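Asks: Fold the following for me, if possible:
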Amino acid sequence: MDNSAKKEFDYKEIDTFEKVLQFKGETLAQFKARTAGMEVDTIGSEKVKAIAFAMNGGKHVTEVYYPWFYNPNRSFASFASGGFGHNGTEASVGTRHLIINWERADFAGKTFLKEYSQFINGADV
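Replies: Model prediction:
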């Protein structure tokens with residue numbers, strides 16, 4: 001095997017927002033400067049966009065999985081919808097922030113709760 005070959009990408013190593021930014025080539029200070037003056041939920045959106053980019057190994061995707069996570073604020077309108085004639089709910093949030101497969105979406109949802117909450121609930125973390 002060629003020793004110059006790059007190590008295979010392991011999304012599980014990206015387990016903090018700082019590591020997400022490092023993957024993108026941005027520091028936390030640069031991120032804060034870039035998002036200064038933005039609304040709280042817009043900053044959350046920028047975080048979630050960066051998380052999806054990192055979980056996808058630097059690729060933008062258009063069809064795959066949403067992250068699943070527990071919403072501590074329990075805001076019904078942001079997380080669930082009841083369809084006519086049934087009692088089900090489903091997460092249908094963040095359509096521009098898709099993740100390439102179920103395992104990565106699950107990991108992101110469990111690892112980046114604060115960032116997703118900031119995006120969905122518009123609350124500082």
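
Asks: By mean pLDDT, flag the weakest helix or strand of this structure.
Replies: When the helices and strands of the chain are compared on mean pLDDT, DSSP states H and E, helix 76-79 comes out lowest with a mean of 44.

Asks: SS state for the residue nearest to I14 when sequence neighbours are not counted?
Replies: Spatially, and ignoring its direct neighbours in sequence, I14 is nearest to A54 (5.0 Å; CB to CB, 6 or more residues apart in numbering). C-beta coordinates here come from the backbone N, C-alpha and C atoms, glycine included. Three-state assignment for A54 (DSSP: H, G, I helix; E, B strand; the rest coil): helix.

Asks: Run through the helices of the protein in chain order.
Replies: Residue ranges of the helices in the chain, as given by DSSP state H, are 17-24, 28-35, 40-55, 76-79, 102-111, 113-121.

Asks: mind giving me TSV with these and columns for distance to Y11 and mean neighbour count?
Replies: Listed next are those as TSV, based on distance: least, CB to CB, whole Å; neighbours: other CB atoms under 10 Å:
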stretch	distance to Y11	mean neighbour count
helix 17-24	9	17
helix 28-35	20	13
helix 40-55	5	21
helix 76-79	24	13
helix 102-111	5	18
helix 113-121	15	21
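
Asks: Surely M55 and W102 touch.
Replies: No: the pair M55 / W102 is not scored as a contact, 11.5 Å apart, by CB atoms under 8 Å.

Asks: Let me see the contact set for the residue nearest to I14.
Replies: Y11, I14, K19, V20, F23, K24 (CB atoms under 8 Å, 6 or more residues apart in numbering).
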